[in-house]
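Engineer: Structure of the sequence below:
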Amino acid sequence: MEYRQLGRSGTRVAPLCIGTMNFGNPTPEDEAIRIVHRALEAGLNFFDTADMYNAGESERILGKALALHGHRDDVVVATKAFYPSGPGPNDHGLSRRYLIRACEASLRRLGTEWIDLYQMHRPDPTTPIDETLEALTHLVASGKVRYVGTTTHPAWAVVEALLIAERHGYARYITEQPPYNLLDRRVENEMAPVALKYGLGLLPWAPMAQGVLAGRYGTAAALPPDSRARERGGVYAERVESRGIAAGQRFVALAAERGVTPAQYALLWVKDQPAVTAPIFGVRTLAQLEEALPVADMALTGADRAACDEINP
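Structural biologist: Okay, here's the model as predicted:
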């Protein structure tokens with residue numbers, strides 16, 4: 001397996017990142033632990049979670065799985081902060097007050113002394129960016145965090161943070177986690193060029209376009225009962241629409257011609273795009289993980305790129 005640099009850092013990670021949003025709901029704890037251990041056995045050393053996933057259960061289960069495995073030093077753990085953890089006016093956001101408290105709570109749930117990659121889950125327009133960066137610098141200096149990054153931030157905000165960090169000697173963002181897949185290529189306009197210029201690693205979420213590229217949907221009106229679009233609704237359901245489903249059906253046929261599953265092909269397409277460090281694969285079952293594992297050693301060809309561009313330029 002070819003390990004990749006985690007953005008502008010000396011840390012190397014597998015080219016697939018295991019997303020743990022499903023840990024605790026719908027994936028039960030025992031199966032989640034088996035998923036983590038199988039991933040580690042296969043050489044995948046990169047796991048992504050967040051403090052708000054299933055009210056902290058995802059972090060707790062991931063921490064338990066890593067403790068049972070017993071090789072914390074070999075694993076890169078990424079988590080996030082921003083969303084509310086309580087009803088108070090200061091129980092969310094990217095302020096110094098909240099970030100330090102949220103980080104300490106994540107450390108307790110994960111059962112670890114440090115977080116490898118601490119990500120700002122969404123932008124916070126109410127907090128000055130220098131306050132956020134100063135707080136993150138404090139967490140890095142205290143040894144509680146190794147690196148910092150962003151999730152679903154606009155390109156201009158990431159560049160602003162990089163420039164302020166350079167000016168004041170603050171901790172520098174090394175990754176950005178955007179939505180990115182064959183049906184949603186917006187990041188190629190600004191974020192991917194920014195990432196290439198400034199050494200950011202992209203960690204795309206939704207590489208299968210909510211399952212549309214995996215051929216899970218026949219129509220937008222009939223959502224499978226176990227789909228994320230049906231179970232979580234909101235933005236997940238809104239992204240399932242007729243034009244995307246039609247493109248997804250063409251993609252399924254193309255994957256069959258290539259002799260791979262649609263899920264594998266969707267992951268592969270994202271994995272081998274410029275500036276991408278690792279797509280985040282939100283595993284729900286051990287069987288899904290087994291299907292994805294071969295992608296780590298696959299390579300996207302020029303013919304693959306051209307055929308996929310025919311579906312969505």
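Engineer: What are the phi and psi values at residue 151?
Structural biologist: phi -140, psi 130 (degrees, to the nearest 10).
Engineer: repeat for residue 119
Structural biologist: Phi and psi for residue 119, reported as degrees, to the nearest 10, are phi -110, psi 140.
Engineer: residues in contact with it?
Structural biologist: Contacts for residue 119 (Cβ atoms under 8 Å, 6 or more residues apart in numbering) come out as 50, 78, 79, 80, 81, 148, 149, 150, 151, 175, 177. All C-beta spots, glycine's among them, are computed from the backbone N, C-alpha and C.
Engineer: which residue ranges form the strands in the stretch 101-250 of the chain?
Structural biologist: Secondary structure of the stretch 101-250 of the chain (DSSP state E, counting those that start in this stretch): strands at 115-120, 145-151, 173-177, 201-202.
Engineer: Partner strands of the second one, with direction?
Structural biologist: Here strand 145-151 is paired, per DSSP bridges, with strand 115-120 (parallel), strand 173-177 (parallel).
Engineer: leaving aside the residues next to it on the chain, what's closest to residue 294?
Structural biologist: Computed as Cβ to Cβ, 6 or more residues apart in numbering, the closest residue to residue 294 that is not its neighbour in sequence is residue 264, at 6.6 Å.
Engineer: Would you confirm that that neighbour contacts residue 254?
Structural biologist: No - the pair residue 264 and residue 254 fails to qualify as a contact (Cβ atoms under 8 Å) at a distance of 12.0 Å.
Engineer: and the gap between residue 137 and residue 125?
Structural biologist: In this view, residue 137 and residue 125 are 21 Å apart by Cβ to Cβ, to the nearest Å.
Engineer: mind giving me CSV with the strands of the stretch 101-250 of the chain and columns for mean pLDDT and distance to residue 27?
Structural biologist: Formatted as CSV, these follow (pLDDT from 0 to 100; distance: least, Cβ to Cβ, whole Å):
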stretch, mean pLDDT, distance to residue 27
strand 115-120, 99, 21
strand 145-151, 98, 21
strand 173-177, 98, 21
strand 201-202, 98, 26
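Engineer: Let's have those strands in a markdown table, adding distance to residue 306.
Structural biologist: Listed next are these as a markdown table, based on distance: least, Cβ to Cβ, whole Å:
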| stretch | distance to residue 306 |
| --- | --- |
| strand 115-120 | 34 |
| strand 145-151 | 31 |
| strand 173-177 | 27 |
| strand 201-202 | 22 |
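Engineer: okay, which residue is most central for this structure?
Structural biologist: Against the mean C-alpha coordinate of the chain, by Cα atoms, centre = their mean, the closest residue is residue 280 at 4.1 Å.
Engineer: Give me the contact list for stretch 149-160.
Structural biologist: Applying Cβ under 8 Å, 6+ apart, the contact partners of stretch 149-160 are 7, 78, 80, 117-123, 129, 161, 173-179, 190-191, 194, 198, 200, 203, 205.
Engineer: buried stuff in it?
Structural biologist: 149, 150, 151, 153, 155, 157, 158, 159 (16 or more other Cβ atoms under 10 Å).
Engineer: Please apply the same query to stretch 20-30.
Structural biologist: Applying a neighbour-count criterion of 16+ other Cβ under 10 Å, one finds 20, 21, 22, 23, 24, 27 buried in stretch 20-30.
Engineer: out of those residues, who's nearest residue 106?
Structural biologist: Nearest to residue 106 among the buried residues of stretch 20-30, counting by Cβ to Cβ, is residue 20 at 12.7 Å.
Engineer: so who does that closest one touch?
Structural biologist: Residue 20 touches 32, 47, 48, 49, 53, 58, 61, 62, 282, 283, counting by Cβ under 8 Å, 6+ apart.
Engineer: what's residue 50 sitting at in phi/psi?
Structural biologist: phi -160, psi 150.
Engineer: which non-adjacent residue is nearest it?
Structural biologist: Nearest non-adjacent residue to residue 50, counting by Cβ to Cβ, 6+ apart: residue 80, 4.0 Å away.
Engineer: Surely that neighbour is within a helix?
Structural biologist: No - Residue 80: not assigned to a helix; according to DSSP: H, G, I helix; E, B strand; the rest coil it is strand.
Engineer: still on that earlier bit, now the residue nearest to the centre of the chain: how far from residue 254?
Structural biologist: 23 Å.
Engineer: Also residue 13?
Structural biologist: Residue 13 is 28 Å from residue 254, by Cβ to Cβ.
Engineer: out of these two, which sits in the busier spot?
Structural biologist: Shown here are residue 13 and residue 254; by other Cβ atoms under 10 Å, residue 13 has more neighbours (25 against 17).
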